[in-house]
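Engineer: Quick one: sequence plus predicted model below, questions after.
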Amino acid sequence: MLATIRDDNGKAATLVGQISRNLMTDTAPQHSLSDLTVLPSLDSERLHLRPIREDDLPDLYAVFADPDVMRYWTRPPMRDIAEARAFLAEIAQHFDARTGFKWGITRKDNDRVIGTASLFRLDTPHNTAEIGYALGSAHWGNGYAAEAVRRVCQFGFEDLALRRIEADINPRHHASIHVVEKAGFQREGVLRERYIYNGEIQDVVYYGLLAREFVR
Ligand SMILES: CC(C)(COP(=O)(O)OP(=O)(O)OC[C@H]1O[C@@H](n2cnc3c(N)ncnc32)[C@H](O)[C@@H]1OP(=O)(O)O)[C@@H](O)C(=O)NCCC(=O)NCCS
């Protein structure tokens, strides 16, 4: 499959040449992540996932400073916009190293960032990655997270030729569990006492989705 993905200026991003999707034989992808010169924007029915820019910092900060959003996150809510700036720098570093991709989630009818979706811990020898997502609480309950997760998984499987995408979730985080289950992820196991969330030792439940199981 020849993938053409448009960057935010509408230019064709130089994403690879031939992309292997020979999932049945587990053939290694015939492209390298370094072929991705820009983070491509992704469209779904209602959403536009795009690179996060400097002028998005106030919106990014608003999402990650909200204690409700950070309830199950492994870092505390941001307290200063400088933390959002440092976060943006980290996102750029991960992209430069091709170890993680993070998109700003916007609605097609409004360019403001309402959340983020990411593929991180990209493990190229094994063609796996982890997925992450967060939405501003004003936007919960509209199905946006599930829509963004499906689109990012499609990118991971079809454009990066990943074989497997995984998510680790606090077992009490029912909304997040529902999001991945809606996208077809399967529950694979529990790691006991894996993290300390807000000073409390917590288990984590692992979910996985294989390329051959993914339904658009
Ligand atoms: C997890 C999160 C992304 C979900 O966002 P959302 O916009 O509400 O998600 P969606 O609308 O796509 O889907 C949520 C689904 O879970 C369901 N749900 C919501 N709260 C629930 C609960 N307490 N128990 C069970 N299901 C729940 C919703 O009804 C919806 O299902 P439906 O589409 O069948 O009606 C959002 O709560 C969030 O950003 N939280 C903070 C960041 C975070 O924790 N990220 C995940 C880290 S693992």
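Structural biologist: In hand now; what should we look at? Treat the numbers as computed from the prediction; the structure is a model and nothing was measured.

Engineer: What distance do you get for Tyr61 to Phe87?
Structural biologist: 9 Å (C-beta to C-beta, to the nearest Å). To be clear about C-beta, it is placed using only N, CA and C from the backbone, and glycine gets the same treatment.

Engineer: now the strands for the chain?
Structural biologist: 5-6, 12-13, 42-43, 47-50, 100-107, 110-123, 128-135, 164-169, 186-197, 200-210 (DSSP state E).

Engineer: Residues of the chain that sit close to the ligand?
Structural biologist: Contacts of the chain with the ligand, taken as C-beta under 6 Å from any ligand atom, map to 69, 72, 133-135, 140-146, 169, 173-176, 178-179.

Engineer: Confirm for me that Ala84 is in contact with Glu54.
Structural biologist: No. Between Ala84 and Glu54 there is no contact under C-beta atoms under 8 Å: 10.3 Å.

Engineer: more neighbours, those two?
Structural biologist: For Ala84 and Glu54, the more surrounded residue by other C-beta atoms under 10 Å is Ala84, and the numbers stand at 21 against 7.

Engineer: Tell me who's in contact with the closest residue to that one other than its chain neighbours.
Structural biologist: Leaving aside its sequence neighbours, Ala84 sits nearest to Tyr61 (C-beta to C-beta, 6 or more residues apart in numbering; 3.9 Å). By C-beta atoms under 8 Å, 6 or more residues apart in numbering, Tyr61 lies in contact with Met78, Ile81, Glu83, Ala84.

Engineer: what do you get if the cut-off is 10 Å, keeping everything else the same?
Structural biologist: Contacts for Tyr61 (C-beta atoms under 10 Å, 6 or more residues apart in numbering) come out as Met78, Arg79, Asp80, Ile81, Ala82, Glu83, Ala84, Arg85, Phe87, Leu88.

Engineer: Make a ChimeraX selection of the buried ones in those.
Structural biologist: The ChimeraX selection below is limited to those of the contacts of Tyr61 classed as buried (16 or more other C-beta atoms under 10 Å):
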select :78,83,84,87,88
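
Engineer: and Arg85, how far is that from the ligand?
Structural biologist: Distance check for Arg85 against the ligand: by C-beta to the nearest ligand atom, to the nearest Å, it reads 20 Å.

Engineer: just Asp56 next, same as before
Structural biologist: Distance from Asp56 to the ligand, by C-beta to the nearest ligand atom: 17 Å.

Engineer: quick one: Tyr144 and Arg107 touch, right?
Structural biologist: Yes. Contact status for Tyr144 versus Arg107: in contact at 7.8 Å, counting by C-beta atoms under 10 Å.
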